[in-house]
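Q: Sequence first, then the predicted structure:
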Amino acid sequence: MLNHPTLDRLRELGLDGMAKGFRDLAANPEARALEHAEWLGLLVDQEATLRQQKRFEARTRTAKLRQAATAEDVDFRKPRGLDRTLFLHLASCDWVREHRHCLITGPCGTGKSFIACALGDKACRDNLSVLYQRSSRLFGALALARGDGRYARLMRQLARVNLLILDDWGPEPLTAEQRRDLLEIVEDRYNCGSLIITSQVPVDRWYEIVGDPTLADAILDRLVHNSHRIALTGKSRRKPETVE
């Protein structure tokens with residue numbers, strides 16, 4: 001008789017996890033042997049698990065990751081310059097908490113975006129805020145925001161996340177506005193947040209992509225010397241393998 005009123009009250013209080021746990025325990029004859037404290041502990045665990053799952057789902061929606069990738073899905077079997085030890089260290093997300101960066105380079109199709117999204121997914125699971133942006137679209141959005149007065153607000157949004165992913169940077173040289181935008185993004189995250197940047201262009205050529213020597217020095221000094229690097233090699237993984 002108490003089941004329905006109790007369930008209703010739990011739902012009214014927003015304790016959906018406890019409501020589900022209560023319903024499951026009430027339907028399980030073996031649960032009758034549990035002490036009251038054990039019942040309560042199981043209900044609290046159910047509520048905590050559900051809330052954690054909801055927070056993760058909210059973070060992944062906000063992150064807008066390009067691919068549904070996880071760290072467990074990363075393939076180390078084929079040689080492409082991906083060091084397992086380094087990747088597993090990155091998957092711990094300690095570097096994000098230490099406000100360091102990760103630079104992923106390599107030819108088209110070698111898995112740069114997949115690895116970036118896998119690390120982003122792991123950061124979401126570790127209760128860190130993430131935002132994925134294709135570099136060209138981000139610079140376009142910043143140009144529009146500059147014209148309609150939303151620039152400062154958009155830059156604040158970018159600065160607030162723990163991990164910002166800039167995918168597919170280059171190979172075209174930056175314009176004057178894009179150089180300033182990138183400097184602001186890097187400066188805002190200096191000792192405050194982390195970046196993942198993916199690019200087909202090797203890091204030693206980024207100086208020429210930035211263009212302006214003064215701004216290139218300022219950007220790369222803050223970026224390159226505080227980063228982990230993954231330099232992928234090999235053929236595109238998108239191409240079907242030929243059978244010999």
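A: Perfect, I can see it now.
Q: Flag the shaky bits of the chain, pLDDT-wise.
A: Low-confidence segments of the chain, defined by pLDDT under 70: 1-4, 39, 237-244.
Q: quick one: buried residues of the top helix by length along the chain?
A: Ranked by number of residues, the top helix in the chain under DSSP state H is helix 36-63. By neighbour count with 16 or more other Cβ atoms under 10 Å, helix 36-63 contains the buried residues 39, 42-43, 46-47, 50, 59-60, 63. From N, CA and C alone the C-beta is placed, and that goes for glycine too.
Q: I'd like the distance from it to the chain centre, please.
A: The chain centroid and the centroid of helix 36-63 are separated by 21 Å under Cα atoms, centre = their mean, to the nearest Å.
Q: Can you name the element that comes right after that helix?
A: Note on helix 36-63: by DSSP states H and E, the next helix or strand toward the C-terminus is helix 84-91.
Q: buried residues in whichever helix or strand comes after that next one?
A: Using DSSP H and E, the helix or strand that follows helix 84-91 towards the C-terminus is helix 94-97. By neighbour count on 16+ other Cβ under 10 Å, the buried set for helix 94-97 is 95-96.
Q: what does stretch 66-76 give?
A: Buried-residue list, stretch 66-76, by 16+ other Cβ under 10 Å: 66-67, 69, 71, 74.
Q: same question, stretch 12-26
A: 15, 17-22, 25.
Q: Same check on stretch 218-235?
A: Quick answer for stretch 218-235 (16+ other Cβ under 10 Å): 218-219, 222-223, 226-228, 230, 232.
Q: Can you give me the end-to-end span of it?
A: 34 Å (Cα to Cα, to the nearest Å).
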